[in-house]
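>>> can you look at this prediction? I've put the sequence above it.
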Amino acid sequence: MSKKGLGELIEALQIFSKYTDKSYCYGAEHDEFYVWVEPELVSDEDKVRLEEIGFIPEDGNGFMIFT
């Protein structure tokens, strides 16, 4: 994540919220934060922004960012 930090994380979570209504769709392990939103559901425009923030699509299961 860039120097904007928490603001960008909040922006990313707002993007993800457009694609799921699940109450539990995220988790963390060691230095990785996961959001389980299927990448194919996310618009190309939102994928670009998520990648700028640092979220990487993970094998069709969701997105991950190193913290």
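Everything's here; your move.
>>> could you count how many residues lie near Asp46?
Counted by other CB atoms under 10 Å, the residues lying close to Asp46 total 17. C-beta here means a position set from N, CA and C on the backbone, and glycine is covered the same way.
>>> mind giving me the packing neighbours of the helix or strand harbouring it?
Using DSSP states H and E, Asp46 maps to helix 44-53. The helices and strands touching helix 44-53, judged by 3 or more CB pairs under 8 Å, 6 or more residues apart in numbering; DSSP states H and E, are helix 6-17.
>>> partner strands of whatever helix or strand comes next after the helix it packs on and their direction?
Using DSSP H and E, the helix or strand that follows helix 6-17 towards the C-terminus is strand 26-29. Next to strand 26-29 in the sheet, as set by DSSP bridges, lie strand 32-35 (antiparallel).
>>> mean confidence (pLDDT) on the partner strand, please.
Mean pLDDT, taken over the full extent of strand 32-35, equals 94.
>>> what residues of it count as buried?
By neighbour count, with 16 or more other CB atoms under 10 Å as the criterion, the buried positions of strand 32-35 are Phe33, Tyr34, Val35.
>>> using PDB, write out every CA atom in it.
These are the backbone C-alpha positions of strand 32-35, laid out as PDB (Å, rounded to 0.1, in the frame of the first residue of the first chain):
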ATOM      1  CA  GLU A  32      -1.300 -10.700   4.100                       C
ATOM      2  CA  PHE A  33      -4.900  -9.300   4.100                       C
ATOM      3  CA  TYR A  34      -7.500 -11.200   2.000                       C
ATOM      4  CA  VAL A  35     -10.800 -10.100   0.600                       C
END
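>>> which residues does it contact?
In this structure, residues lying in contact with strand 32-35 by CB atoms under 8 Å, 6 or more residues apart in numbering are 12-13, 16, 25-28, 55, 58, 62-67.
>>> for stretch 47-61, same thing?
Residues beyond stretch 47-61 that count as contacts (CB under 8 Å, 6+ apart) turn out to be 1-2, 8-9, 11-12, 15, 34-36, 38-40, 42, 63-66.
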